[in-house]
Structures are given as structure tokens and as C-alpha cells.
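Undergrad: Give me a model of this one.
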Amino acid sequence: MTSLHEELLRRNNFHTSSTRSWEAIAGLGWHEPTPSTIPLAAVRTVSVVIPAHNVGYCLLAVLDALENQHHRYRFEVIVVDDASTDNTAAIAAGHSIVTTAIRLPERMGAATARNLGTALTRGQTVLYLDGDMLLPPHVITDIAARATDTSVLVGFRHNLPYEAHQGGHGVLAQHPNLAADHRVVWRPPVGRPLLYTGVTLTEPVDGSPLDHTHDFVDLGYGQRYVDWDLPRMVVTALVAVPRAAVVDIGGFDPEFGRIGWGMEDTYLGACLIAAGMLVIPLRQAVGFHLDPPDADEQWQQKLATWPDTLARYWDLIRQPAPTGRSRAFTTAMTDLLRICEVLR
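TA: Numbering: from 1, shown residues only. Okay, the predicted model is just below:
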């Protein structure tokens, strides 16, 4: 049976013809912010899924930004509280933009939270958005107008330290900077192993993964750009995917959340690519990623679990690509929902 790794070697990422065809129909650049009046914005329905754990410091601003989207059509917002110990659940339950708010009975990790949120969606496209990601007002329309059954639309993030945002209100008076994302401007360390591949650089690299791979086109067929490959470009801080495709592969692997931090989105990306999806960046879809007050401490805790989640990822890559798991996924999420608290 063909492994997921072998499937990735067979898949190109030649999305240029798709983006150019869209531009010809829309009369708009692929990477331009999208007017709310564009007719194509009504083509796909969108559901926003937000996994949330202890993001009470910024969730109100994140939800306010969703409420202020200039998208003219209805979209869902589903928040899954991963057993937070702060006021995250109360904020989600009380905000008018939230369609559904669910609370897990114990902390299960972002992968499980996203799976449960996905099971509750009705939109054709699922936008995975972190609970600390603040979106400019055009982003939902950018995604709704461009989404298809065969595309993974990748957005970007501009990280802000807590002292620079203090909860996020007023931040969107600024403009997030595309170059702040490591997938766009990358200065890797020299003399120590890189996180993903373990490669050790002996000289500095002036990296521009997005530009140097021609908007990820050159990452097809399993190609790499030093420490980056196509699955690793799929970051669920801000990414839109076809719901049907996610359900068919069985959603996110929940084991990542039990082990620690990271790699569940990379694995999702690998599975979707193996299923025939094209990974296409949206340079205009950049959000502010709002750090918590204890960001340094949290980062160290996350990095401590990275070797274990990375090891699981490489193990799964050697196994067959998942497919035909819709029924099992739905059953598992139905069972999980029975023990959750419905907040809204």
C-alpha cells in the first residue's frame, strides 16, 4: 500500500492556472483585498472554527474583528473552548457573532477542538482561525470568493508581543505586515539543528520561502526549501480548507494534542495534499497574532514537547494516506459532543 510520503512525491502544486483563471473572471488580482460587492463572494459558504484555550486576554477583540468583517453574506463562527481556566468560555458564550460555543469537559488539545468544531459546521469551506488571531475586515470575503473543492488557502500572521497590543483593541488601526511571517522572510539559526528537518546550517541564509518557491508552486512533488516543505506551509492560525475533504481524511489526528504542541496542522496539510488539494497563499490575508502576557514561558513549554510531536508526524508520514473516514469521524464527534457543555 502506498505511504503518505510516496503520495506527496506524486503531487504537484501547479496552482498558477487556477489563480490566473480566477483573476480573469473576477477582474481582480489574486492577492488584492476583496471588495464586499464582488459577486464571487457568494459562491462558497464559510464556517469559522476557533479552538480556544485561555485566550480571555484577546478573544473579545478577535470576535469583534469577525463581527466587523465587510462580508455581505452569512458565515458561521464556532468556538470550541478547550477547558479554559479563565473567562474564555464566558466571552464565547456572550458574543453576538458566535453561532455555536461548546466547552470540552477536559483539555484535549487544539486538534480535537478543531475536529469538534468541524463536525458542527455547515459551510462548504472551513476557516481555521486561532483564538488569538485578529483579522482585517476583508479576509472572510477574500476566502469566500476564492475557495474551491480542491484548494487549501493559506493566510499569514504578524506576531505582536502582549505589551504592543494589550488585548488587541485598536490594533487594526495598523496594517499587519506580510513580511513578519517566517514563511515570507526567514532568518534561520546557524550552527544548530533546524526544527523540522534537523539540518544544521554552516552559513547564514537570507530566506524568502514564499517568493523563492513562486508562491509555493515549486514545493510540489515533495520538494523542500531548506527547512520548509509544502505540508509545513499549512498553518492553522489562518487557513481555509474544503470541509468535505477534511472529514474524508478523518480530521486532525487528536494524538498530537495529547502528546504536546505542533505538527497537527502540518499532518493535515500532508493528508490534504495527498488527496489532491493545491496549497495556495493569499498574501493579502494577514492577521495580527496576539501574544499572551506569558508568551516566553508558553513558548518554552511548547518547544519542550516538539520532539515528540515531530516524531509522531514522521511516523504517520510513513503510513498510508487516510481516506474514507467520514463515518468514523462523524461517529467519534457525535460521541464527544454528548459529554460537552453547550454554551451557545
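
Undergrad: any idea where the strands of the stretch 101-250 of the chain begin and end?
TA: With DSSP state E, counting those that start in this stretch, the ranges of strands along the stretch 101-250 of the chain come out as 125-129, 133-134, 151-160, 224-225, 228-229, 238-242.

Undergrad: Residue 107: which of the ones you listed is closest?
TA: Nearest to residue 107, of all the strands of the stretch 101-250 of the chain, is strand 125-129, at 18.6 Å by Cβ to Cβ. In short, each C-beta sits where N, CA and C put it, glycine included.

Undergrad: which of the strands of the stretch 101-250 of the chain is buried the deepest?
TA: strand 125-129 (a mean of 27; mean count of other Cβ atoms under 10 Å).

Undergrad: and the angle from that one to strand 238-242?
TA: 160 degrees (axes from the mean of the first three to the mean of the last three Cα atoms, to 10 degrees).

Undergrad: what are the pairing partners of strand 125-129, and which direction each?
TA: The pairing partners recorded for strand 125-129 under DSSP bridges are strand 46-52 (parallel), strand 238-242 (antiparallel).

Undergrad: pLDDT (mean, whole number) over the helix or strand just after the longest one?
TA: Per DSSP states H and E, the first helix or strand lying C-terminal to strand 46-52 is helix 59-67. Mean per-residue pLDDT for helix 59-67: 98.

Undergrad: give me the number of residues near residue 339?
TA: 9 (other Cβ atoms under 10 Å).

Undergrad: burial measure for the residue lying closest to it once chain neighbours are set aside, as a count.
TA: The shortest distance from residue 339 to any non-neighbouring residue, by Cβ to Cβ, 6 or more residues apart in numbering, is to residue 105 (5.3 Å). By other Cβ under 10 Å, 10 other residues sit near residue 105.

Undergrad: Who are the contact partners of residue 105?
TA: Applying Cβ atoms under 8 Å, 6 or more residues apart in numbering, we find residue 105 in contact with 83, 339-341.

Undergrad: Make CSV from those residues and add distance to residue 194, pLDDT and secondary structure to it.
TA: Output for these, formatted as CSV (distance: Cβ to Cβ, whole Å; pLDDT from 0 to 100; DSSP: H, G, I helix; E, B strand; the rest coil):
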residue, distance to residue 194, pLDDT, secondary structure
83, 33, 97, coil
339, 40, 97, coil
340, 39, 98, coil
341, 41, 97, strand
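
Undergrad: from those, which is closest to residue 41?
TA: residue 340 (32.6 Å).

Undergrad: from the contacts of residue 105, which two are the most distant?
TA: Between any two of the contacts of residue 105, the greatest separation by Cβ to Cβ is 11.8 Å, found for 83 and 339.

Undergrad: how big is the angle separating the strand ranked longest in the chain from strand 238-242?
TA: The longest strand of the chain (DSSP state E) is strand 278-290. Using the same axes, to 10 degrees, the inter-axis angle of strand 278-290 relative to strand 238-242 is 140 degrees.

Undergrad: what's whichever helix or strand comes after strand 278-290 packed up against?
TA: Once the chain leaves strand 278-290, the next helix or strand it forms, by DSSP H and E, is helix 295-317. If you count contacts as 3 or more Cβ pairs under 8 Å, 6 or more residues apart in numbering; DSSP states H and E, helix 295-317 packs onto helix 4-10, helix 255-259, helix 264-274.

Undergrad: sorry, back to before: tell me the neighbouring strands of the longest strand of the chain, and mark each as parallel or antiparallel.
TA: Counting by DSSP bridges, strand 278-290 is paired with strand 133-134 (antiparallel), strand 151-160 (parallel).

Undergrad: which stretch among those strands comes nearest residue 100?
TA: Minimum separation from residue 100 across these (Cβ to Cβ) falls at strand 133-134, 18.7 Å.

Undergrad: tell me the average confidence for the closest one?
TA: Average pLDDT, strand 133-134: 98.

Undergrad: okay, now residue 141: neighbour count?
TA: Residue 141: 25 surrounding residues under other Cβ under 10 Å.

Undergrad: wait, isn't it in contact with residue 70?
TA: Yes. Counting by Cβ atoms under 8 Å, residue 141 does reach residue 70; the two are 6.5 Å apart.

Undergrad: ends of stretch 33-50, how far apart?
TA: End-to-end distance of stretch 33-50: 23 Å, with Cα to Cα, to the nearest Å as the criterion.

Undergrad: Also stretch 337-344?
TA: 13 Å.

Undergrad: ok, so what distance separates the residue nearest to residue 339 from residue 94?
TA: With distances taken as Cβ to Cβ, to the nearest Å, residue 105 is found 21 Å from residue 94.

Undergrad: Next: residue 61.
TA: 14 Å.

Undergrad: again, but for residue 80
TA: 16 Å.

Undergrad: Show me which of these two is the more surrounded one.
TA: Per other Cβ under 10 Å, whichever of residue 80 and residue 94 has more neighbours is residue 80, with 29 against 14.

Undergrad: Kindly confirm my reading that that one is in a strand.
TA: Yes. Under DSSP: H, G, I helix; E, B strand; the rest coil, residue 80 falls within a strand.
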